[in-house]
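Chemist: quick one: sequence and predicted model below, then my questions.
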Amino acid sequence: MYNPRYIIDVLADNIRKTRNPFGASNRTVNKWWKDTPMSTEGDAMLFTGLMYQLAPYIEKTTKQIERFEDTFFANYVWLNKYVPKFLVKLAFVFMASKKDKQPFNDILKSVVKILVKSNVDFFYKPKLDYYSGILLYDLGDNEGFIEHAKFVAGKLKEQGIKKLITVDPHTTYAMKVLYPKYIGESFEVKTYFELINFKAQDKGRQVTLHDPCFYGRYLELSDVPRKVLDDFGIENIDVRNSGKFTSCCGGPAESVSPALTKEILSKRYAELKETGAPIVAYCPICLGNLIKAGADVEDLSTFIARYA
Amino acid sequence: MTLVNPEFAEELEKFGIDKTLDCFNCGTCAAICPLIYEHFPRKMIRYAQIGAKDRILENYEDLWRCLHCGLCIETCPREADPGDLILGLRRFVIDNWRRA
């Protein structure tokens, strides 16, 4: 296990200076929209919170921290804080290839396809699409989280943005629950799958939904995708630990102990694969971890977009 | 020797925790926790209840093993929000580091 103090210091420093947990440039990370025609004006802003865009970088970084966990080098991770940010930004340009980023960018394009098919009046402004700061909150750095949340909410409010469409559970929880609670700024927040409004039929198809903790418990939204699948005639074979009682994929421990994540993930994957049906995840962290475990898994948006 | 501080529960309020004393140590949280380490988070909650600050600060790494998955919060019969208490203890430890 890494000393959480070092990890928190590095993350907090990155977010404070670059508004990105890795110290990467948001412009480098957020390029998926470039070949996706979308309006820049509308009723609600698509707010990705950069989580899917960061997924390939999380995978690369985790591979590195996995190598050094519990070694002599782990004690020097704090030195990262002193690497000039322009060098960190430069490293991120080359860290993930187009091939690494493509599957996660395609997920966001699938979300757009679903929203268009559902006749949702939405727009996208990449410059306003910021990381929510949720990792600082999860790690206990409330001070850092509040400072960053004020910055993000300030930028959105400046542009008169009131409604957000989110794509992942962590950003959804941050914008829907934590921003009003800790900084007194409220937005009308809906996930893209709450806005699905078109018909399709695929009787006989089976899947197993893996509910992320934030959607299953904290936000109690896991019934929504079940209803969508049911309306499409698709059978969801639930495992015992699902919905409100879903099991964690291990992702939250990844920044301090990839070994612990592996242990938790292997238990969850063993449970999910018992149904024999392809797994559908709806969180970039869960998805990335299940892919790593070798699961037959895809994102809910990719799955649903096929019918759009 | 561990110093006991019954006022610690009040101190934790500034870290967003107001249910420290609600827990009656039944152990449901430890039973449902995916970590299945030595009585986590029950032991930490006990330390918080008796105000054993030094024990919390010595064993701080355990706090960051928590996945904050919320299973303990969902199942606690006292609705004492054990997972949130762990999150509050992280804030307390960070505050100690930053003030040191």
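Modeler: Nice, I can see it. Numbering: from 1, shown residues only, chains lettered A, B, ... in the order given.
Chemist: does chain B have contacts with the host helix or strand of residue A:149?
Modeler: Per DSSP states H and E, residue A:149 falls inside helix A:142-158. Yes - contact of helix A:142-158 with chain B (Cβ under 8 Å from any Cβ of the partner chain) involves residue A:142. C-beta here means a position set from N, CA and C on the backbone, and glycine is covered the same way.
Chemist: count of residues packed around the residue in the stretch 151-300 of chain A positioned nearest to chain B?
Modeler: Closest to chain B within the stretch 151-300 of chain A is residue A:248: 3.8 Å, counting by Cβ to the nearest Cβ. Using other Cβ atoms under 10 Å in any protein chain shown, residue A:248 has 27 other residues around it.
Chemist: quick one: contacts for it?
Modeler: Contact analysis of residue A:248 by Cβ atoms under 8 Å, 6 or more residues apart in numbering or on different chains lists A:213, A:264, A:268, B:34, B:67, B:69, B:71.
Chemist: which strands and helices lie in contact with the helix holding residue A:149?
Modeler: Counting contacts by 3 or more Cβ pairs under 8 Å, 6 or more residues apart in numbering or on different chains; DSSP states H and E, helix A:142-158 packs against helix A:4-18, helix A:134-139, helix A:179-183.
Chemist: can you list contacts of the helix or strand just after the shortest one?
Modeler: When you say that, I think you mean helix A:179-183. Note on helix A:179-183: by DSSP H and E, the next helix or strand toward the C-terminus is strand A:188-191. Residues from elsewhere that reach strand A:188-191 (Cβ under 8 Å, 6+ apart): A:44, A:162-167, A:172, A:175-176, A:215, A:221, A:224.
Chemist: list the neighbouring strands of the helix or strand following the helix holding residue A:149 plus their orientation.
Modeler: Sequence order places strand A:163-166 as the next helix or strand after helix A:142-158, per DSSP H and E. In the sheet, strand A:163-166 lines up against strand A:44-47 (parallel), strand A:188-191 (parallel) (DSSP bridges).
Chemist: just the ones you listed: most buried one?
Modeler: Of all those, strand A:44-47 has the most neighbours on average by mean count of other Cβ atoms under 10 Å in any protein chain shown, namely a mean of 23.
Chemist: what helices or strands is the helix or strand just after that strand leaning on?
Modeler: Following strand A:44-47 in sequence order, the next helix or strand is helix A:51-68 (DSSP H and E). Applying 3+ Cβ pairs under 8 Å, 6+ apart, one finds that helix A:51-68 contacts helix A:26-29, helix A:85-95, helix A:98-117, helix A:258-273, helix A:284-292.
Chemist: ok, back up a step: now the helix holding residue A:149: buried residues?
Modeler: A:142, A:144-150, A:152-153, A:155-156 (16 or more other Cβ atoms under 10 Å in any protein chain shown).
Chemist: same check, this time on stretch A:22-35
Modeler: By 16+ other Cβ under 10 Å, the buried positions in stretch A:22-35 come out as A:22-26, A:28-30, A:32-33.
Chemist: over to stretch A:168-177?
Modeler: A:168-176.
Chemist: which positions in chain A make contact with chain B?
Modeler: A:1, A:3-5, A:8, A:138-142, A:213, A:217-218, A:244-245, A:247-248, A:250-253, A:256-257, A:260, A:264, A:267.
Chemist: nearest spatial neighbour of the residue in the stretch 101-250 of chain A positioned nearest to chain B, skipping sequence neighbours?
Modeler: For the stretch 101-250 of chain A, the residue closest to chain B is residue A:140, as judged by Cβ to the nearest Cβ, at 2.7 Å. Distances taken as Cβ to Cβ, 6 or more residues apart in numbering or on different chains put residue B:90 closest to residue A:140, at 2.7 Å, once the chain neighbours are dropped.
Chemist: what packs against the strand or helix carrying that neighbour?
Modeler: For residue B:90, the enclosing helix or strand under DSSP H and E is helix B:82-99. When contacts are defined as 3+ Cβ pairs under 8 Å, 6+ apart, helix B:82-99 packs onto helix A:4-18, helix B:42-50, helix B:53-58, helix B:60-63, helix B:71-75.
Chemist: so which bits of that helix are buried?
Modeler: Result for helix B:82-99 [16+ other Cβ under 10 Å]: buried residues B:82-94.
Chemist: retrieve the pLDDT associated with residue B:4.
Modeler: If you check residue B:4, the pLDDT there is 85.
Chemist: check residue A:180 too.
Modeler: 98.
Chemist: which residues does it contact?
Modeler: Applying Cβ under 8 Å, 6+ apart, the residues contacting residue A:180 are residue A:186.
Chemist: and residue A:125, how many neighbours?
Modeler: 18.
Chemist: hang on, it packs against residue A:158?
Modeler: No - with contacts counted by Cβ atoms under 8 Å, residue A:125 stays clear of residue A:158, the gap being 11.5 Å.
Chemist: roughly how far apart are whatever residue of chain B ends up closest to chain A and residue A:8?
Modeler: Across chain B, no residue is closer to chain A than residue B:90, which sits at 2.7 Å (Cβ to the nearest Cβ). Separation of residue B:90 from residue A:8 (Cβ to Cβ, to the nearest Å) stands at 9 Å.
Chemist: repeat that for residue A:206.
Modeler: Residue A:206 is 42 Å from residue A:8, where distance means Cβ to Cβ.
Chemist: ok so, going back, closest to residue A:49 out of the helices and strands packed on helix A:51-68?
Modeler: helix A:284-292 (9.7 Å; Cβ to Cβ).
Chemist: export only the CA atoms of the closest one, formatted as PDB.
Modeler: Presented in PDB, the C-alpha positions along helix A:284-292 are these (Å, rounded to 0.1, in the frame of the first residue of the first chain):
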ATOM      1  CA  PRO A 284     -15.800   4.000 -16.400                       C
ATOM      2  CA  ILE A 285     -13.900   2.800 -13.300                       C
ATOM      3  CA  CYS A 286     -15.900  -0.500 -13.100                       C
ATOM      4  CA  LEU A 287     -15.700  -0.900 -16.800                       C
ATOM      5  CA  GLY A 288     -11.900  -0.500 -16.900                       C
ATOM      6  CA  ASN A 289     -11.400  -2.900 -14.000                       C
ATOM      7  CA  LEU A 290     -13.700  -5.600 -15.400                       C
ATOM      8  CA  ILE A 291     -11.900  -5.300 -18.800                       C
ATOM      9  CA  LYS A 292      -8.600  -5.700 -16.900                       C
END
